[in-house]
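J.: build me a structure from this.
(2 chains)
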Number of protein chains: 2
Amino acid sequence: MLEAIGQRAKQAEPVLRTLHTETKNQALRQVAEDLVKRQEEILAANEIDMKAGRESGMSEGLLDRLSLTSDRIAAMAQGLCHVADLDDPIGEIAVMKERPSGLLIGQKRVPLGVVGIIYEARPNVTSDAFGLCFKAGNVVILKGGSSAIHSNKAIVSCIRNSLSKCRITADAIQFIEDPSREVTAEFMKMNKYVDVLIPRGGAGLIQAVVNNSTVPVIETGTGNCHIFVDESADLEMAAAIVINAKTQRVGVCNACESLLVHEKLKNDFLPVLAESLKEKHVLIHGDPQVQELIPDAVAATEEDWGKEYLDYEISIKVVDSLEEAIEHINRYNTKHSESIVTNRYDHAQQFLNEVDAAAVYVNASTRFTDGEEFGYGAEIGISTQKLHVRGPMGLQALTTTKYVIYGNGQIRL
Amino acid sequence: MLEAIGQRAKQAEPVLRTLHTETKNQALRQVAEDLVKRQEEILAANEIDMKAGRESGMSEGLLDRLSLTSDRIAAMAQGLCHVADLDDPIGEIAVMKERPSGLLIGQKRVPLGVVGIIYEARPNVTSDAFGLCFKAGNVVILKGGSSAIHSNKAIVSCIRNSLSKCRITADAIQFIEDPSREVTAEFMKMNKYVDVLIPRGGAGLIQAVVNNSTVPVIETGTGNCHIFVDESADLEMAAAIVINAKTQRVGVCNACESLLVHEKLKNDFLPVLAESLKEKHVLIHGDPQVQELIPDAVAATEEDWGKEYLDYEISIKVVDSLEEAIEHINRYNTKHSESIVTNRYDHAQQFLNEVDAAAVYVNASTRFTDGEEFGYGAEIGISTQKLHVRGPMGLQALTTTKYVIYGNGQIRL
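T.: Numbering: from 1, shown residues only, chains lettered A, B, ... in the order given. Now for the predicted structure:
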């Protein structure tokens, strides 16, 4: 079964690679239109998944992720139109150089080829991932979570139908229906057919893909993000940033999970901050100095320093210096987003230079690490690895380059 | 043992990340000077490996790769001075943009961190890989072939000594001495300590690393490179390019392994070419049409179309059209280097657009796919994967980026 999917993907690949921008944009708009038109069908399929979810005792949070509504389908459609509006990254040759050999050498931006996406319960990923992969000229093979299987199949069927209407091969998007572990394991070893795998979901899913895939993986997402409030910080600004980064949305990877506070301002800062955190019902895990100042704080364990709570919880530690803060962050972070609040120029620069993460901030909330906020228009995830792409991944992350070389008979001496 | 090496690498990483360019260049020149000064020691160690190699019946080719001489050590030293002369890629922020949020966002070029290199019998890789990784601010962990163990240890010991002289942590370079398979397997799963693994060697080694590593891998090197002689080709140019790409150096990944010839010029081209190939003692594996025209040709099997001979052998096939040539190449190539010889503008452009490979040529030998020839000054290998880097890898391939973001109290709404 997978072999057949792989073969169809490879057959579609050269077609996708050479589609004109306008053809791609028209198809994206057609898909958007059809998703809205056929929403009854999609909502009915989603209701089957929701019913099964409720019966199996799925949590409210998961049910909310799984649930589709007319508004959510409209948002998916809008997302596709938005991708249609983005510049097409394919085909650009930024610079072409003439070498001493006389060869004219340029690097042209081209699609990756076949992109595999492994994800969990959110059915909107199906159309979002398709839109970005398709605009970048890639074939996409989707493997969604079994709890969303009917929703995903309905969305994929609608997309394939729209593509056919536009006279584009429907195999530009394929869906692996079999939810078994064996099939997933085999998918992760399809180096012959798949160029890149992108897992989207929780830490468990991502680790499973990293550990078992022989196909190159782009690791996304887990964020144990820190904020360090330096000795020289404006305390009002610091409190606003911490509260924003911790509580504006807790279930996301760019939320703040750990706070470091300079010893010299712990007395002025921590009790006031604790009040605000209490209002937002945030549980504090603190070191002994924090516990002394905040009676409600529970003792932070070694495990807390490395933990991505994704909830109304935060770990807080008092440090003696910028150096200690940087060392702590580089030891426990997941290389996602880190921020310093400071008024000292030298400390800002040292923090930017020495903290190892995809995004390092001065005087801003970590919540800005996001494709829209960074100017990419849309994002397929946030890379926490160092190869290929780091941080928010826009369309360009779904491309590669190839050298194109114009000669006039050159041979190597 | 590996755990200790990993920990030392992680300790050295922040030091390397922030070394000044001049400090790095001075150290590279010191290492170069010391390698030449201490060559007796290195040559003596190499003699132990050579003796063991001869006794175990190692082939002449392998013995040649293993062998060090005074000249080869001088070349290693010269290579390091050459890397010292290259521009330092680290620290550059190509562009910084102000976003609507008021955040100033730039992407800064930074080292990858800890790079692992797994290689075979060539002891010069030890100093070459160190030089490039070090210049790009990376810690390098080397795992060389067991047959070169004494040579490698002597070179590494010399480099570590030179670094200490320059007051740089010797742990910038570490060497895994244990040649056992278990240790190699463990090295490939050290995600906690190693950011990237680069295998350098034959197809077997590279496949083993791709299949067993959980650390991100940059796949290098195997090249089943094609030349397509189009209907409109200048036959003299075509013959010169084929002979050069096949025979100028046969054991390298950018050598031509397979030739496609348009049906319309087979009669004029093949018998003449066969004469030249015969002079160079090249064995031809041909399809039935080729065998008809070249009596010496043996029958090409299905396996031949996908084979990297790395020897005085070539497969030749007659095709009816450009489209057939492109399809054949995309089916059998290893996505390394492919060339068309043509005088038709439209065929040249179609070939460049539709062939999927790291480097696609018009009217030139595939032998130019090389870091020096492409203008990178030096190369750590040639990537045949699509993630991160494609084609010859210079210093920039050993770097990544991080976003640096200047704010003034921004929170996300």
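J.: please count neighbours and contacts with C-alpha atoms only from this point.
T.: Noted.
J.: domains of chain A?
T.: Chain A breaks down by automatic domain parsing into domains covering A:2-219+A:385-406, A:225-368.
J.: can you pull out the helices in the stretch 201-350 of chain A?
T.: A:203-212, A:235-247, A:266-279, A:288-293, A:302-305, A:322-332, A:345-354 (DSSP state H, counting those that start in this stretch).
J.: quick one: closest of the domains of chain A to chain B.
T.: Among the domains of chain A, domain A:2-219+A:385-406 comes nearest to chain B, with 3.4 Å by Cα to the nearest Cα.
J.: how long is the closest one from one end to the other?
T.: 39 Å (Cα to Cα, to the nearest Å).
J.: what is the neighbour count of A:H281?
T.: Residues lying near A:H281 (other Cα atoms under 10 Å in any protein chain shown) number 12.
J.: phi, psi for the closest residue to it other than its chain neighbours please.
T.: Nearest residue to A:H281, sequence neighbours excluded (Cα to Cα, 6 or more residues apart in numbering or on different chains): A:Y312, at 6.6 Å. Main-chain torsions, A:Y312, degrees, to the nearest 10: phi -80, psi 70.
J.: A:R249 is in contact with A:Y312, correct?
T.: No - look at A:Y312 against A:R249 with Cα atoms under 8 Å: they stay out of range, at 9.4 Å.
J.: now render the helices of the stretch 201-350 of chain A as CSV, adding mean pLDDT.
T.: Below are those laid out as CSV (pLDDT from 0 to 100):
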stretch, mean pLDDT
helix A:203-212, 91
helix A:235-247, 98
helix A:266-279, 97
helix A:288-293, 98
helix A:302-305, 98
helix A:322-332, 97
helix A:345-354, 97
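J.: and those helices, which is most packed in?
T.: For those, average neighbour numbers computed from mean count of other Cα atoms under 10 Å in any protein chain shown are highest in helix A:235-247, which has a mean of 22.
J.: off-centre distance for that helix?
T.: Relative to the mean C-alpha coordinate of its chain, helix A:235-247 is positioned 24 Å out (Cα atoms, centre = their mean, to the nearest Å).
J.: tell me how many other residues crowd A:N191.
T.: Using other Cα under 10 Å, A:N191 has 17 neighbouring residues.
J.: got the contact list for the residue nearest to A:H281?
T.: A:K246, A:T247, A:V250, A:K280, A:H281, A:V282, A:L283 (Cα atoms under 8 Å, 6 or more residues apart in numbering or on different chains).
J.: so who does the second one touch?
T.: The neighbourhood of A:T247, defined by Cα under 8 Å, 6+ apart, consists of A:A255, A:K280, A:Y312.
J.: okay, the first one and A:S337: tell me how far apart.
T.: In this structure, A:A255 lies at 9 Å from A:S337, with Cα to Cα as the measure.
J.: which neighbours do the two have in common?
T.: Contact criterion Cα under 8 Å, 6+ apart; residues shared by A:A255 and A:S337: A:G223, A:C225, A:T366.
J.: how about the residues you listed in JSON lines, adding neighbour count, distance to chain B and pLDDT?
T.: What follows is those, written out as JSON lines (neighbours: other Cα atoms under 10 Å in any protein chain shown; distance: Cα to the nearest Cα, whole Å; pLDDT from 0 to 100):
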{"residue": "A:G223", "neighbour count": "26", "distance to chain B": "15", "pLDDT": "92"}
{"residue": "A:C225", "neighbour count": "31", "distance to chain B": "14", "pLDDT": "98"}
{"residue": "A:T366", "neighbour count": "31", "distance to chain B": "8", "pLDDT": "98"}
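J.: returning to that earlier point: which of the contacts of A:Y312 scores worst on pLDDT?
T.: On pLDDT alone, A:V250 ranks lowest of the contacts of A:Y312, at 92.
J.: what's the neighbour count on A:K24?
T.: For A:K24, using other Cα under 10 Å, the count is 22.
J.: contacting residues for it?
T.: Taking Cα under 8 Å, 6+ apart, we find A:K24 in contact with A:A84, A:F134, A:K135.
J.: let me know the pLDDT of the last one.
T.: In this prediction, A:K135 carries a pLDDT score of 98.
J.: quickly find the element holding the residue nearest to it when sequence neighbours are not counted.
T.: Distance criterion Cα to Cα, 6+ apart; nearest residue to A:K135, sequence neighbours excluded, is A:K24 at 6.2 Å. A:K24 is part of helix A:21-37 when elements are defined by DSSP states H and E.
J.: ok, A:L16 to B:L352 distance?
T.: Distance of A:L16 to B:L352, computed by Cα to Cα: 16 Å.
J.: please report how far A:S337 lies from B:T18.
T.: From A:S337 to B:T18 the distance is 20 Å (Cα to Cα).
J.: meant to ask about A:R249, not that
T.: Separation of A:R249 from B:T18 (Cα to Cα) stands at 35 Å.
J.: same check, this time on A:V261
T.: Distance from A:V261 to B:T18, counting by Cα to Cα: 25 Å.
J.: so which of these two has more stuff around it?
T.: Neighbour count, other Cα under 10 Å: between A:V261 and B:T18, A:V261 has more, with 25 against 15.
J.: who does that one bridge with?
T.: With DSSP bridges as the criterion, A:V261 is bridged to A:V229, A:V318.
J.: ok, now which ones touch it?
T.: By Cα under 8 Å, 6+ apart, the neighbours of A:V261 are A:F228, A:V229, A:D230, A:E231, A:I316, A:K317, A:V318, A:V319.
J.: same thing but at 6 Å, please
T.: By Cα atoms under 6 Å, 6 or more residues apart in numbering or on different chains, the contact list for A:V261 reads A:F228, A:V229, A:V318.
J.: same check, this time on A:G223
T.: A:G223 is in contact with A:C253, A:N254, A:T334, A:H336, counting by Cα under 6 Å, 6+ apart.
J.: now flag whichever of those is closest to A:A238.
T.: Minimum distance to A:A238 across these is 17.0 Å, recorded for A:N254 (Cα to Cα).
J.: rewinding a little: got JSON lines for the contacts of A:V261, with distance to B:K97 too?
T.: Output for the contacts of A:V261, formatted as JSON lines (distance: Cα to Cα, whole Å):
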{"residue": "A:F228", "distance to B:K97": "24"}
{"residue": "A:V229", "distance to B:K97": "25"}
{"residue": "A:V318", "distance to B:K97": "34"}
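J.: can I get these in a markdown table with neighbour count and pLDDT?
T.: As requested, the contacts of A:V261 are arranged in a markdown table below (neighbours: other Cα atoms under 10 Å in any protein chain shown; pLDDT from 0 to 100):
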| residue | neighbour count | pLDDT |
| --- | --- | --- |
| A:F228 | 29 | 98 |
| A:V229 | 31 | 98 |
| A:V318 | 23 | 98 |
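J.: nice, that's everything, thank you.
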